[in-house]
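Trainee: Here is the input, now give the coordinates:
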Amino acid sequence: MLVKSSIIGRGGVSKSLLFSKKATLRQAVSLNSRPTTTTRFQRLIFIFSRNKMTENTSRFVAAIDQGTSSTRVLLYDHSGRAVLSHQVPLPLITPKPGWVEQDPEYIMKTCMECLDQVGAKAKESGLAPEGLSKNNLMALGITNQRETSIMWDKKTGKPLHNSLVWLDTRTRIVVKKLVSQFGSADQFRAETGLPISTYFSASKIKWLMENVPQVREAIEAKSAAFGTVDSWVMWNLSGGASGGRHVTDVTNASRTMLMDLKTLNWSKSICDQLGIPMDILPEIRSSAEVYGHVASGPLAGVPIAGCLGDQQSALVGQRCFSPGSAKNTYGTGCFMLYNTGSDPVQSKHGLLTTVGYKLGKDAPVSYALEGSVAIAGAGIEWLKNNLGIINDPKEIDGLAGSVPSTGGLFFVPAFSGLFAPYWRPDARGIAIGMTSFTTKAHFARAMLESVAFQTTEILAAMEADSGVKISQLRVDGGLSKSNLLMQVQADLLGADVKRPADIETTARGAAYAAGLAVGFWGADGGKSPADNADIAAGATSTTGLKKTFEPSVSAHNREKRMQLWKKAVQRTLDWVSEDHDDSKHDHDEDDKEFTK
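Mentor: Numbers count the residues shown, from 1 in each chain. A predicted model of the protein is given here:
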């Protein structure tokens, strides 16, 4: 391999040198007579550094970011810079109140479309003149919406039902029966870090087994496979029914309520108690290793080498590798993770204990505390789609910022109950404090502020569990673009909110994991990501903080607003009975009864 390089010789004269990878010291220093030892060393380092850089500038790592509302693929160069991307929206299917589904085959179609389009853009732009292939795409990482559950037939490759999205609450009756059976929602918390809830995959698997005949038949025929979205995508990419790899990673497995946090294996005891056959479950692997290879198409042979659930991927993308560091992702929902280090910490304040990451087969595992908010960006979409208050989510900042406050209006978007720290499925949404003065601008601002209020409650719970006050919060996700929301967040937290220039840290985390697994970024196998020079350099050069939002209100103002928020939350509780099923609730009949 020959590389042409310009070297500054003695006296500032630029000279060209053609050299190979095996260029010798003699070749490097022969440009000038009698060079000093320092000069010889500097030139040698320059040559090999230049050579390494040239090798990597035409090589890339890609990440599939399969989210709730869209699928994206981002292409990263060796500096850690996202150079190309393509995004396709993904619709939700809501056949009944409380039911939220997606078409697994359409999910896969969007993944392939994004990969194809990024390949085409790479060719057209000249980044990869011959297109992307195993020759220049070193690895592919996957990050995904967590908990969303898919059952498919391994023989036919076809899904047995639409996916049950993490937001889906049809399993409330399943959850109620389990809590009654075991006497507590915390039956498996010590082992899994999670309460029995509609949120996690275990209740969704049980519902599918109990209500979908095709699922029961496939289980009996030993052809059924279960997976979260990462497993479904990886299985299809690596061959599908023709030898696809049925695997998941520790972060996604930790969200099923079926994995033992300490052993990082499926819990036979829990599976037996829930009646879930273990042979339908994928193999659990680390977050950074080669799981298989793309089976066909232009990317055939590319290693699939990184996998993290979306929120853990953002934790890695934000480089929260030190215990005590925290990040919050503002997306469809809102998710805050706090790195607790090598030991799982059981929360006493309504938080979840989860795996943060395990970046390599032999790498240590890092755990995290997590607080989840069901409705964040989804609330903005609700204002657009259901109320028509805005025509585009981008309008929210302008409308909300047109008024100095909410005018006393509080909006608690408990559309399907409340997540952390309350865990109250009986709650329902409420707007309270309206007067004749209230306008749609106040509604818009109240919805934005509801995200900040919920985040503040989660951070308070994290501080109570850890005993440490968090001095700053790193943020990312689409809704973090809102300057108004970020300022309100800083005001309510009483702490700095730091937003990076590149807020797409979810895809970046999966790219980091994939690159580490194949040695694209360093050769430490991901054992010490905090010390990885390549990742540190890439993060510094591409994710420098764009803006820091500092608190601008008094402690008294902050405390008063939080008290009113908590008062509003109390009004949402006990709105529906324990045996209430949204999918069967006939509101028209209620109206008729009320008018009698």
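Trainee: Past the helix ranked longest in the chain, which element shows up next along the chain?
Mentor: The residue-count maximum for a helix in the chain (DSSP state H) belongs to helix 440-466. Reading on from helix 440-466 to the C-terminus, the next helix or strand found by DSSP states H and E is strand 472-476.
Trainee: Go ahead and measure how far that following strand is from the middle of the chain.
Mentor: Relative to its parent chain, strand 472-476 has a centroid offset of 15 Å by CA atoms, centre = their mean, to the nearest Å.
Trainee: what element comes up after it heading to the C-terminus?
Mentor: That would be, after strand 472-476 and using DSSP H and E, helix 483-493.
Trainee: quick one: contacts of that following helix?
Mentor: 330, 397, 400-401, 445, 448-449, 451-453, 455-456, 459, 473, 475, 479-480, 496-497, 499, 547, 549-553, 557-558, 561-562 (CB atoms under 8 Å, 6 or more residues apart in numbering). Quick note: C-beta positions are derived from backbone N, CA and C, even for glycine.
Trainee: Sort out which residues of the helix or strand that comes right after it are buried, please.
Mentor: Counting by DSSP H and E, the next helix or strand C-terminal to helix 483-493 is strand 496-500. By neighbour count with 16 or more other CB atoms under 10 Å, strand 496-500 contains the buried residues D496, V497, K498, R499, P500.
Trainee: try stretch 392-406
Mentor: Within stretch 392-406, judged by 16+ other CB under 10 Å, the buried ones are P393, I396, D397, L399, A400, G401, V403, T406.
Trainee: quick revisit: ok, the buried residues of strand 496-500 vs T248, which is closest?
Mentor: Nearest to T248 among the buried residues of strand 496-500: P500, at 28.4 Å, using CB to CB.
Trainee: distance of that closest one from G341?
Mentor: Distance, P500 to G341, by CB to CB, to the nearest Å: 23 Å.
Trainee: One more: F549?
Mentor: 28 Å.
Trainee: out of these two, which sits in the busier spot?
Mentor: F549 (21 against 15; other CB atoms under 10 Å).
Trainee: In contact with the more buried one, which residues?
Mentor: Counting by CB under 8 Å, 6+ apart, F549 has contacts N483, M486, Q487, Q489, A490, D496, V497, K498, R499.
Trainee: Show me where the stretch 151-300 of the chain has its strands.
Mentor: In the stretch 151-300 of the chain, the strands defined using DSSP state E, counting those that start in this stretch lie at 163-164, 224-228, 247-249, 283-285, 288-293.
Trainee: okay if I get those as TSV plus distance to T506?
Mentor: Output for these, formatted as TSV (distance: least, CB to CB, whole Å):
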stretch	distance to T506
strand 163-164	19
strand 224-228	15
strand 247-249	15
strand 283-285	20
strand 288-293	16
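Trainee: Serialize those strands to TSV and add fields for mean pLDDT, mean neighbour count and distance to T68.
Mentor: Shown next, in TSV, are these (pLDDT from 0 to 100; neighbours: other CB atoms under 10 Å; distance: least, CB to CB, whole Å):
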stretch	mean pLDDT	mean neighbour count	distance to T68
strand 163-164	97	26	11
strand 224-228	97	26	13
strand 247-249	98	28	18
strand 283-285	98	17	23
strand 288-293	96	22	23
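Trainee: Any idea which of these gets closest to A378?
Mentor: strand 163-164 (16.6 Å).
Trainee: quick check, distance from that closest one to the centre of its chain.
Mentor: So, by CA atoms, centre = their mean, the centroid of strand 163-164 is 17 Å from its chain's centroid.
Trainee: Could you do stretch 66-83 as well?
Mentor: 12 Å.
Trainee: Check stretch 139-147 too.
Mentor: The answer for stretch 139-147 is 8 Å, by CA atoms, centre = their mean.
Trainee: circling back: ok, of the buried residues of strand 496-500, which one's closest to D77?
Mentor: P500 (17.8 Å).
Trainee: ok, what's across the strand from the closest one?
Mentor: Counting by DSSP bridges, P500 is bridged to L545.
Trainee: separation between it and C320?
Mentor: 12 Å.
Trainee: could you point out where this protein is predicted with low confidence?
Mentor: 1-57, 522-545, 578-596 (pLDDT under 70).
Trainee: swap the cut-off to 50 and go again
Mentor: Residue ranges of the chain with pLDDT under 50: 1-56, 523-528, 530, 537-545, 585-596.
Trainee: about what we covered before: common neighbours of P500 and C320, please.
Mentor: R474.
Trainee: okay, how far is it across stretch 367-387, tip to tip?
Mentor: Chord length of stretch 367-387, first to last residue, is 40 Å (CA to CA, to the nearest Å).
Trainee: and that stretch, how far from the chain's centre?
Mentor: For stretch 367-387, the distance to the chain centre is 14 Å (CA atoms, centre = their mean).
Trainee: rewinding a little: PyMOL command for the buried members of the contacts of helix 483-493?
Mentor: Those of the contacts of helix 483-493 that count as buried under 16+ other CB under 10 Å are selected in PyMOL with:
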select buried, resi 330+397+400+401+445+448+449+451+452+453+455+456+459+473+475+479+480+496+497+499+549+551+558+561
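Trainee: For the nearest residue to E449 once chain neighbours are set aside, the count of nearby residues, please.
Mentor: Distances taken as CB to CB, 6 or more residues apart in numbering place V488 nearest to E449, at 5.5 Å, with adjacent residues excluded. V488: 25 surrounding residues under other CB under 10 Å.
Trainee: Same question for the one 5 residues further on.
Mentor: Burial of L493 is recorded as 22 neighbouring residues (other CB under 10 Å).
Trainee: ditto for S69
Mentor: 16.
Trainee: Can you pull up the most central residue in the chain?
Mentor: Nearest to the mean C-alpha position of the chain, by CA atoms, centre = their mean, lies D310 at 1.5 Å.
Trainee: List the contacts of that one.
Mentor: Per CB under 8 Å, 6+ apart, neighbours of D310: D65, G67, T143, N144, Q145, R146, T329, G331, F335, T506.
Trainee: May I ask which of those residues has the most neighbours?
Mentor: T143 (36 neighbours).
Trainee: Next one: that residue from F410, what distance?
Mentor: T143 is 34 Å from F410, by CB to CB.
Trainee: rewinding a little: can you say which of the strands of the stretch 151-300 of the chain is nearest to A441?
Mentor: strand 163-164 (36.5 Å).
Trainee: Outside of that closest one itself, list whatever touches it.
Mentor: Counting by CB under 8 Å, 6+ apart, 100-104, 107, 148-150, 170-171, 204, 207-208, 229, 232 sit against strand 163-164.
Trainee: what about 7 Å?
Mentor: E101, Q102, P104, T148, S149, I150, K204 (CB atoms under 7 Å, 6 or more residues apart in numbering).
Trainee: hang on, the fourth one packs against L167?
Mentor: No: the pair T148 / L167 is not scored as a contact, 8.7 Å apart, by CB atoms under 7 Å.
Trainee: who has more neighbours, these two?
Mentor: T148 (28 against 24).
Trainee: Now for that one: which residues touch it?
Mentor: Contacts of T148 (CB under 7 Å, 6+ apart): S163, L164, V165, W166, T228, V229.
Trainee: For it, give its distance to R474.
Mentor: 25 Å.
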